[in-house]
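Peer 1: 3D model of this:
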Amino acid sequence: MKKKGKWIGLVFLLVIFAAAVQWSMSDEDNATEKLEVFQNPTAEELELPHNLTRAESRETIDNFYNMKSPGYKKAKELEITQSPGQSFDIPGHEGELTIDEIWHSQYQVFMYYSVDLKVFEDKENLQHSPLFDISSVNVHPEKGDVIKQSHSTFQYSDSNEGLMSYDGKLYGMLVMPPLEQKEPMDMEGMEVNETIPTSFRISMDNTSEITDEEPLTYTYEKDQEIRQTADFNGVYEESGLTIKPIDVDLGITSNKITLEITHDEHEVSNLTGSVRDESTSTEISYLHPVEGRPDVYEAQFTPYDEDPESLDIHLESVSFLTDEDLSFDVDVSDYEEEVGEEWERVIVDVNEKTAEKLNTDIYLEQKVYDPSMGMEIHLGFEPKPGDHTFTLSPNLMRTPASPMQYEPFTAVNEDGEEIMGAGGGINNGNTVLNLSTSSLKDSNMITIEVPQLQASQKVDFQETVDLKE
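Peer 2: Reported below is the predicted structural model:
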């Protein structure tokens, strides 16, 4: 009887073993089947476009991202990028879109994504440019401070230059504006830490589809991108002007110097100078007022590839708004003769003094007639001899530090009709005024009127600061 019990036990064990082997083999078969179903083809098998770069390693992808969005690697070092790894089904296709990383910076949101090449396996024509495009991002929060919003994206994907294939996937990135919140605030005060349902509008092969919503986490903290800082100690005071550089912040996407600037009589409008590290010199200009801090401004400059140990700040001039105005005439009676029947772009050298203001002679250097693009008036400025506190600023345009409700200049013909298209800028340090050519055909003379001029005061200030992380 004991013998019989042993045989029954042995048979029972054999049955269990056989079942286990069968289950194991079945599971292995299923895994193989899944592998076959989700295995991505190679770029060569799909015959992807020749202008789509094949990466040799993941490092190549990272370098590609860093080139397209400078600061990407530093953002990863500071651990301010999110790595959701969230996948989105692409309607009507096998394979998925995966959001690998999100970097919500101060001024924009970068998303780095990958797409299974399996998605393109059913396409007859893969020569479209771009091969894959995310045209918009839809953010639909159910609660929190972020509002419901959709953003068109900017992608570096013309001619597929913003895409790269590697290891069975297509890699790319998109850029969109920072997330809008219920309470409007400037970028300095914004903070985000929310997980929000998000979907994407995808374009491929002349078709457009919207993915289902999936949760993505967006985070941004004030000053998260600052790598180095330093405080200034020096003060500049001369002829009613006081400049107190406060500090400098070196960040991933931009650097900025914060300064307090006041004048006894005039409103500050601009500043020029430079910042120098151990090997380079970078110009600084275009003051931006700091909200909530009267007389305090920021001047931004280009970020560095490598963190410097110290910085030299050199300030050269500060501009102010004055009560002075300017009016001068420009002879345009030669317009039709100069452009001819072919209506070609023509540069007419003039080099004549046309006015003088604020201890400065103003010259009309060139007239550029371009029937298709407009007219350009190139002005030159030459300070009069002598030691003057103020001279005329060569920038006649209102700058960001001043109120934006401003018309820089007007232009009228001899009949008093306003000439449209007034605008301008700076070329080689001097002002260029732009006008429409549509009113020049029947005009002999136009009058330029600038309602408020900027004066420039020379500054001689220098300070060196040591940077700390």
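Peer 1: nearest spatial neighbour of residue 463, skipping sequence neighbours?
Peer 2: residue 234 (4.4 Å; CB to CB, 6 or more residues apart in numbering). Using the backbone N, CA and C atoms, a C-beta is placed for each residue, glycine as well.
Peer 1: Enumerate every residue touching the one you found.
Peer 2: By CB atoms under 8 Å, 6 or more residues apart in numbering, the contact list for residue 234 reads 245, 461, 463.
Peer 1: the domain parsing of this structure - what is it?
Peer 2: 44-220, 226-322+458-466, 326-452 (automatic domain parsing).
Peer 1: and the gap between the closest residue to residue 445 other than its chain neighbours and residue 442?
Peer 2: Leaving aside its sequence neighbours, residue 445 sits nearest to residue 414 (CB to CB, 6+ apart; 5.0 Å). For residue 414, the distance to residue 442 (CB to CB, to the nearest Å) stands at 10 Å.
Peer 1: In the chain, where is pLDDT below threshold?
Peer 2: The model of the chain has pLDDT under 70 over residues 1-38, 124-125, 127-128, 155-158, 184-189, 397-407, 421-422, 469.
Peer 1: Show me where it has its helices.
Peer 2: Along the chain, the segments classed as helices by DSSP state H run 2-38, 43-46, 58-68, 72-77, 335-339.
Peer 1: count of residues packed around residue 243?
Peer 2: Neighbour count for residue 243, taken as other CB atoms under 10 Å: 22.
Peer 1: Now do the same contact list for the residue nearest to residue 411 when sequence neighbours are not counted.
Peer 2: The shortest distance from residue 411 to any non-neighbouring residue, by CB to CB, 6+ apart, is to residue 419 (4.2 Å). By CB under 8 Å, 6+ apart, the residues touching residue 419 are 411, 412, 413, 435, 436, 439, 440, 443, 446.
Peer 1: Dig out what residue 210 forms beta bridges with.
Peer 2: Counting by DSSP bridges, residue 210 forms beta bridges with residue 201.
Peer 1: Residue 196 now?
Peer 2: Note on residue 196: beta-bridge partners by DSSP bridges are residue 216.
Peer 1: number of nearby residues for it?
Peer 2: Neighbours around residue 196, by other CB under 10 Å: 20.
Peer 1: In this structure it contacts residue 216, no?
Peer 2: Yes. Applying CB atoms under 8 Å as the test, residue 196 and residue 216 come out as touching, 6.3 Å apart.
Peer 1: still on that earlier bit, ramachandran coordinates for the residue nearest to residue 411?
Peer 2: With angles defined as degrees, to the nearest 10, residue 419 sits at phi -90, psi 130.
Peer 1: Could you tell me how far it is located from residue 351?
Peer 2: 23 Å.
Peer 1: Next: residue 304.
Peer 2: 41 Å.
Peer 1: between the two, which one's more packed in?
Peer 2: Taking other CB under 10 Å, residue 304 and residue 351 do not tie; residue 304 has more neighbours (18 against 10).
Peer 1: and that one, how far is that from residue 252?
Peer 2: Taken as CB to CB, the span from residue 304 to residue 252 is 10 Å.
Peer 1: again, but for residue 119
Peer 2: Distance of residue 119 to residue 252, given as CB to CB: 32 Å.
Peer 1: just checking, residue 278 touches residue 311?
Peer 2: No. Contact criterion CB under 8 Å: residue 278 and residue 311 do not qualify, at 9.3 Å.
Peer 1: Show me which of the contacts of residue 419 is closest to residue 339.
Peer 2: Checking the contacts of residue 419 against residue 339 with CB to CB, the nearest one is residue 440 at 9.2 Å.
Peer 1: What residues does the residue nearest to the closest one when sequence neighbours are not counted make contact with?
Peer 2: Nearest non-adjacent residue to residue 440, counting by CB to CB, 6+ apart: residue 335, 4.6 Å away. Neighbouring residues of residue 335 by CB under 8 Å, 6+ apart: 369, 437, 440, 441, 443.
Peer 1: what's the answer for residue 194, then?
Peer 2: Contacts of residue 194 (CB under 8 Å, 6+ apart): 141, 144, 145, 146, 217, 218.
Peer 1: Ignoring the adjacent residues along the chain, who's closest to it?
Peer 2: Using CB to CB, 6+ apart, the nearest residue to residue 194 is residue 144, at 4.6 Å.
Peer 1: Check residue 97 too.
Peer 2: Residue 97's closest residue in space is residue 88 (CB to CB, 6+ apart), at 4.6 Å.
Peer 1: Kind regards, and thank you for your time.
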